[in-house]
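Need a 3D model of the sequence below.
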Amino acid sequence: MLQGLFFLSFFAIGLVCVRLWRLSAVHRVPGCGWWAGGCAGIALATLLAGASPWVGEWARTMAAHVASIGGFCALWLGTRRFVGGSPARIAPFLFMAFLAFLAGVFFWLARIAPSYPMRLTINCVSLLLFSGGIARILFTARMGSGLVTTAGVLYMIFSLINTLRTVNIILTPAPGSFFLSNAASRNLTVAMVPVILAALVSLEFLARAALANETKDDS
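You can find the predicted model right below:
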């Protein structure tokens, strides 16, 4: 069942990615390019997680972690840009260097010195920091929009569920069960999917609201 959920998530998040990319390419909404890239990373992570029983352990133990963390990093950068921040011009290069560093870390922890709890902990802490960072940016943006607050709340909820799931798996580790250790962690994994999907969709609503306000100001 979980594999099917991952595949459905891939297509749903991929659709959000395409819509955000169009907003970035056609209307130049600030931050949408990074948001689209973040959605692409998360969509790729769900695809790799779902396909890992068929394509190999590398998809689950290395690539999916790098894609998900990189995706959330891109979302964080996009949110900073959306609220008026100005990422450094070297941000794309630093982002690529960060991905390369992550790839090296997870390769080490998957092949050289295998450690399931360490991989999971790095993933959880990274997603917690980035999703919490996104929520903090939105909460402190003072943009006077309920959509901004709603998006922030969704990212905070995701952080909480992700943390609970990881703690549960670390306390009762089961490395060969594809992210699962018991019914509680399975339910938490399922709960994460609609929350992150709603959080990503909220970014599109924010982008469209910003575009509508810009159009209104121009008229």
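
residues of the lengthiest helix in the chain that come out buried?
As assigned by DSSP state H, the longest helix anywhere in the chain is helix 183-218. By neighbour count with 16 or more other Cβ atoms under 10 Å, helix 183-218 contains the buried residues 185-186, 188-189, 191-193, 195-197, 199-204, 206-211. All C-beta spots, glycine's among them, are computed from the backbone N, C-alpha and C.

just how off-centre is that helix within its chain?
Averaging C-alpha positions (Cα atoms, centre = their mean, to the nearest Å) puts helix 183-218 11 Å from its chain's average.

Can you identify the element that follows the lowest-mean-pLDDT helix or strand in the chain toward the C-terminus?
One helix or strand of the chain scores below all others by mean pLDDT, DSSP states H and E: helix 57-58, with a mean of 82. Of the helices and strands lying after helix 57-58 in sequence (DSSP states H and E), the nearest is helix 64-82.

helices or strands next to that following helix in the packing?
helix 32-55, helix 91-107, helix 116-139, helix 183-218 (3 or more Cβ pairs under 8 Å, 6 or more residues apart in numbering; DSSP states H and E).

swap the cut-off to 10 Å and go again
Applying 3 or more Cβ pairs under 10 Å, 6 or more residues apart in numbering; DSSP states H and E, we find helix 64-82 packed against helix 2-27, helix 32-55, helix 91-107, helix 116-139, helix 146-171, helix 183-218.

looking at these, which is buried most?
Mean neighbours per residue, mean count of other Cβ atoms under 10 Å, is largest over the helices and strands packed on helix 64-82 for helix 32-55, with a mean of 23.

Could you pull up the mean pLDDT of that one?
Per-residue pLDDT over helix 32-55 has a mean of 93.

And the residue nearest the centre of the protein?
Residue closest to the average C-alpha location in the chain (Cα atoms, centre = their mean): Phe72, at 3.7 Å.

ok, so what distance separates the closest residue in space to it that isn't next to it in sequence from Gly56?
Of all residues not flanking Phe72 in the chain, Phe130 sits nearest, at 3.8 Å (Cβ to Cβ, 6 or more residues apart in numbering). With the distance defined as Cβ to Cβ, to the nearest Å, Phe130 ends up 27 Å from Gly56.
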